[in-house]
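Colleague: from the sequence below, what's the structure:
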Amino acid sequence: MSQLIHPTAIVAKGAVLGEGCSVGPFTTVGPNVVLGNDVKLESHIVVDGHTTIGDGTHIFPFVSVGLGPQDLKYTGEPTRTEIGKRNQIREFVTIHRGTDGGGGVTRIGDNNLLMAQAHVAHDCQLGNDIIMANAATLAGHVEIADRASIGAYSGVHQFCRVGIEAFIGGYSVVVKDAMPFATIQGNHAKCYGLNRVGAKRRGYSKEILDNLNHAFHLLLTAKLNTSQAVERIRREIIGCREVDLLLEFIEASRRGVVK
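Modeller: Model prediction:
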């Protein structure tokens, strides 16, 4: 199947389009852009910079991908934006390329949903199956693990991490690392324990849910500091992969975790 390019679209010489791509009215594609197979760009989109977009990704009107970062230190160096397969990127989303100081690449994995007006700043690293609701905002250098959800109008501070399957409620301000499997809410955000709804939807066993609930009890309500809680969890919960992931995340934190 050949590409379908609207007569009003501008596809620069040097851009590479895979089989089955469509480029809608008044959309511009820069010379260093590579689109995989079956990528669909609707109308009034700008894709520029050294940008790759994976197979089956669908981008809706008025989205901007791969333009220079909102970082005053950036001087035009050829950094990159990498977007994986089968993503849904809705209206007015902005995704900026990386900076030399931040690793040089903004990366988004596969099967993510970025709702209208969401923002992914320079050097962010997103995994797979993530949901960013309307106007959710990531500052630079943020890391989001697989299957996390960022609520509408929430902001995540630069250099923060959001763990696997964490849920951040709407209108939250996250200034520390959001733990895996946790429910995070508020300004400034607090942790309210296990993301029970998400965990049940994903089919975790009762044993795993009990172990995670106990771990969050020790972390949040047992009147222990974080180091004491981690020590207790290691003694009392053995052989649970999900709890081990939680502990590894906490021990790797540089900013501290939301409690």
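
Colleague: in this structure, which helix or strand is least confident?
Modeller: When each helix and strand of the chain is scored by mean pLDDT, DSSP states H and E, helix 196-201 comes last, with a mean of 92.

Colleague: same question for that helix: list its buried residues.
Modeller: 196, 198-199 (16 or more other C-beta atoms under 10 Å). Yep, even glycine has a C-beta here, placed from its N, CA and C like the rest.

Colleague: now Gln228: which helix or strand?
Modeller: Assigned by DSSP states H and E, Gln228 belongs to helix 226-236.

Colleague: just checking, what packs against that helix?
Modeller: Packing partners of helix 226-236 (3 or more C-beta pairs under 8 Å, 6 or more residues apart in numbering; DSSP states H and E): helix 206-220, helix 241-252.

Colleague: what about it, distance to the chain center?
Modeller: Centroid displacement of helix 226-236 relative to its chain, using C-alpha atoms, centre = their mean, to the nearest Å, is 29 Å.

Colleague: next one: stretch 140-153
Modeller: Per C-alpha atoms, centre = their mean, the centroid offset for stretch 140-153 relative to its chain is 4 Å.

Colleague: for stretch 61-81, how far is the first residue from the last?
Modeller: 19 Å (C-alpha to C-alpha, to the nearest Å).

Colleague: what average pLDDT does that stretch get?
Modeller: The average pLDDT for stretch 61-81 rounds to 96.

Colleague: give me the residues contacting that stretch.
Modeller: 24, 30, 32-33, 42-53, 59, 83, 89-101, 104-107, 121-123, 140 (C-beta atoms under 8 Å, 6 or more residues apart in numbering).
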